[in-house]
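Asks: What follows is a predicted protein model with its sequence.
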Amino acid sequence: MSAISAAVSPGRKRGSPLLYFLGAVMAIFIGILIFVYIVTKQTNPVFLDEHGKPLASQSAHHAEHGR
């Protein structure tokens, strides 16, 4: 019996809880990535200079578009 056929044999019940756990972790991670992507697409970041004031090019843009 080769190592591959032993790993794929139908009597493998020991690894299935680990596979479900890893699948759940992967699904949660992908969900977090999708959530963060959606939230960052909705934000309107304002870059500040070293004194905490909005940069001139962006403040003119925001005043023009009413934001």
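Replies: Received the coordinates, thanks. Numbering: from 1, shown residues only.
Asks: all helices for the chain, in order.
Replies: Ranges of helices in the chain, per DSSP state H, are 3-8, 16-42, 56-65.
Asks: what about the chain, any weak spots by pLDDT?
Replies: Applying pLDDT under 70 to the chain picks out residues 1-14, 57-67.
Asks: what about residue 20, how many neighbours?
Replies: Other residues near residue 20 come to 10 when the count uses other Cβ atoms under 10 Å. The C-beta positions use only the backbone N, C-alpha and C, and glycine is treated the same way.
Asks: oh sorry, the question was meant for residue 46
Replies: If you count neighbours by other Cβ under 10 Å, residue 46 ends up with 13.
Asks: now it: how far from residue 28?
Replies: Distance from residue 46 to residue 28, counting by Cβ to Cβ, to the nearest Å: 31 Å.
Asks: can you check residue 55 too?
Replies: 37 Å.
Asks: again with residue 56
Replies: 42 Å.
Asks: what does residue 16 give?
Replies: Taking Cβ to Cβ, one finds residue 16 at 19 Å from residue 28.
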